[in-house]
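# mind looking at a prediction? Sequence and model below.
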Amino acid sequence: MSEKYCIITGASGGIGSQIAKKFYDQNYYIILLDINKEKLENVMKAMDFKLDRAAYYPLDITDENDVKNILRHIYQQYQRIDVLINAAGICGEYAKAIDTSISNFKKIYDVNVFGTFLMMQNVLPIMIDQRAGVIVNFGSVSGLRGYTYEIAYGSSKWAVIGMTKNIANEYGSCGIRANSVSPGWVDTDMMKKTLINYKQLGLSETVNIGPINRPADPIEIAEAVYFLSSGAASYINGANLVVDGGKLCD
């Protein structure tokens, strides 16, 4: 098989776009998905992705019918899906548990948990038929530590890590591997939004970014994702790879 196909959700984001570039540079055919069509078009242009090996579709991963329809179209077009990267995610609004609105909680879970689930649920039958496939989801160090003010975001990422292990256990015998990546601070718009939110809560804008003393470059996260998707990680299944510069060691 000469062509391999990779789907990336959240592909217009700082991390998602770098993941797309990494797979494109490794000669994958990439399919970029994100809720914002204009941002997808900007990524296609900025990364100089050519339409002979890249496609993009606007998608709301919280909408079950939208997910089903887009994935049905993708499969009809390309006849296989080798890698699914669920990079779409939101941090929502940070607050103490007693101040966290249920609407904010639900919105975060709709994207981070249920959106990730819907993508896996609808890609898995294709991978099962192929007897091969790789899924990489996104956890977070927040899902491992239980940080203050992050009950909604952190618990959603804990849920994603758990779902990943479920999938790894259920479908490993079908030739499918599922793993997750848990970043710490990454130099993205989400990090900037988080620091603004922290300031509004009266917290220090100086945060613990770990002993390497800098946030990750999105490219560094993309490298970890590609590794888990590659043959070099052929026996890694159900793992959660922490890519935080040692932050959890502090």
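Alright, I've got the coordinates.
# isn't T100 right next to A152, touching?
Yes - assessed by C-beta atoms under 8 Å, T100 is found in contact with A152 at 5.7 Å. For glycine as for every other residue, the C-beta is placed from the backbone atoms N, C-alpha and C.
# ok, the two, which is more surrounded?
Between T100 and A152, counting by other C-beta atoms under 10 Å, A152 is the more crowded of the two (25 against 19).
# which ones are touching the more buried one?
92, 100, 104-105, 108-109 (C-beta atoms under 8 Å, 6 or more residues apart in numbering).
# tell me which helix or strand comes right after the helix or strand encompassing it.
Using DSSP states H and E, A152 sits in helix 151-171. Per DSSP H and E, the first helix or strand lying C-terminal to helix 151-171 is strand 176-183.
# how many residues are close by N240?
Neighbour tally, N240, other C-beta under 10 Å: 18.
# in the lowest-mean-pLDDT helix or strand in the chain, which residues are buried?
In the chain, no helix or strand scores lower on mean pLDDT, DSSP states H and E than helix 189-200, which sits at a mean of 87. For helix 189-200, the neighbour count (16 or more other C-beta atoms under 10 Å) marks 190-191, 194-195, 197-198 as buried.
# what about the next helix or strand after that helix, average pLDDT?
Per DSSP H and E, helix 189-200 leads on to helix 218-229 as the next helix or strand towards the C-terminus. The pLDDT scores in helix 218-229 average 98.
# ok, stretch 145-157 next?
For stretch 145-157, the per-residue pLDDT averages 94.
# how far out from the middle of the chain is it?
On the basis of C-alpha atoms, centre = their mean, to the nearest Å, stretch 145-157 sits 17 Å off its chain's mean C-alpha point.
# with just CA atoms, put it into CSV.
The C-alpha trace of stretch 145-157 is given here as CSV (Å, rounded to 0.1, in the frame of the first residue of the first chain):
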residue,chain,number,x,y,z
ARG,A,145,-3.0,16.3,38.6
GLY,A,146,-6.3,17.8,39.4
TYR,A,147,-5.3,21.4,39.2
THR,A,148,-7.2,24.1,41.0
TYR,A,149,-9.8,25.9,39.0
GLU,A,150,-9.8,23.2,36.3
ILE,A,151,-12.4,20.7,37.5
ALA,A,152,-14.2,20.7,34.1
TYR,A,153,-11.2,20.8,31.8
GLY,A,154,-9.1,18.5,33.9
SER,A,155,-11.7,15.8,34.4
SER,A,156,-12.6,15.9,30.7
LYS,A,157,-9.0,15.1,29.9
